[in-house]
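A.B. asks: following is a predicted model, sequence given first.
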Amino acid sequence: MCARNAAEHLAKMTGKYGNDVSALDDLQKMLGLETYPAYIECYDISHTAGNQAVAGMVVFEHGRPLKKNYKRFTIKNALGGDDPGAMCEVISRRLNELVVHEGEEGFGRKPDIIFLDGGQQQVNAVEPVIRAMELDIPVFGLVKDGKHRTRAISLAKGEIVIQSNRAVFTLLSSIQEEVHRYAIGFHQKTRSKSSISSKVYEIDGVGKKRAELLLRRFGSMKALSNVTEEELLKIKGITKPVAENIVQYFEKKRENQ
């Protein structure tokens, strides 16, 4: 009883829990890591047929989500549908931030291990980036089965099937599900904004800058459709002719419904 109470007290003090510690211990042994993987980052790419490509980064500390350190990335340079290229771009940007903010919380904290949603192709794209920056960070892929469940860890020598180790399987499944949820949520939001922006462009006098300004202010086409000319004129950059065009645009839309 004393031992159990001491363990529970230690868990509360350190933020570490028995199952998480067991999973991380097993993961360290399984991958032959020199460092205990207390701080894990995982990345996933999300897009629709190569369009509006984004990435999500989730962080797990001592086996638990550390949501304040999650990050989102908009893919800027990789071609649409090139997931390894997109992953390479994201990791490059993230590690450049590590160099700039070294020692600080968030991007300045060096991960003990990086997982990528995907197989060896993604790992092969990222490893040269890490070597070029002379950073000692092990990177592995997380491979799913036909039912989109975490199946194995991908590494240079092949794959390590993880279902037989319940603790590791549960931890990595949680990480992969979380990064997928986070990345696809950002993608859906980006795609929705892109769709709304294209509709706003139909209004005479509304270009890219004004469209972004209106969407930041009102958030949706529905909200914008109910705005008065007086409200629009309060926004810096919206002139009276543009405000009139916006109001008339939505009035015509309602008449034609």
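C.D. replies: Cool, the structure landed.

A.B. asks: state the mean pLDDT of stretch 188-201.
C.D. replies: For stretch 188-201, mean pLDDT rounds to 64.

A.B. asks: name the helices or strands packed onto the helix or strand where Ile40 lies?
C.D. replies: Mapping Ile40 onto the secondary structure by DSSP states H and E places it in strand 39-48. Using 3 or more CB pairs under 8 Å, 6 or more residues apart in numbering; DSSP states H and E, the elements in contact with strand 39-48 are strand 51-61, helix 83-100, strand 113-117, helix 166-200. Where you see a C-beta, it was placed from the backbone N, CA and C, and this is true even at glycine.

A.B. asks: could you tell me the angle between that strand and strand 51-61?
C.D. replies: An angle of 160 degrees separates the directions of strand 39-48 and strand 51-61 when computed by axes from the mean of the first three to the mean of the last three CA atoms, to 10 degrees.

A.B. asks: before we move on, the earlier item: and the helices and strands packed on strand 39-48: which comes nearest Asn19?
C.D. replies: helix 166-200 (6.3 Å; CB to CB).

A.B. asks: quick check: what element follows the closest one along the chain?
C.D. replies: Beyond helix 166-200 on the C-terminal side, the first helix or strand identified by DSSP H and E is helix 208-218.

A.B. asks: can you list the buried residues in the strand holding Ile40?
C.D. replies: Applying a neighbour-count criterion of 16 or more other CB atoms under 10 Å, the buried positions in strand 39-48 are 39-47.

A.B. asks: got the helices and strands packed on strand 39-48 as TSV, with distance to Lys252 and mean neighbour count columns?
C.D. replies: Shown next, in TSV, are those (distance: least, CB to CB, whole Å; neighbours: other CB atoms under 10 Å):
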stretch	distance to Lys252	mean neighbour count
strand 51-61	29	23
helix 83-100	40	19
strand 113-117	45	24
helix 166-200	13	18
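
A.B. asks: okay if I get the ones you listed as CSV plus distance to Val126?
C.D. replies: Formatted as CSV, the entries for the helices and strands packed on strand 39-48 read as follows, by distance: least, CB to CB, whole Å:
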stretch, distance to Val126
strand 51-61, 12
helix 83-100, 5
strand 113-117, 6
helix 166-200, 15
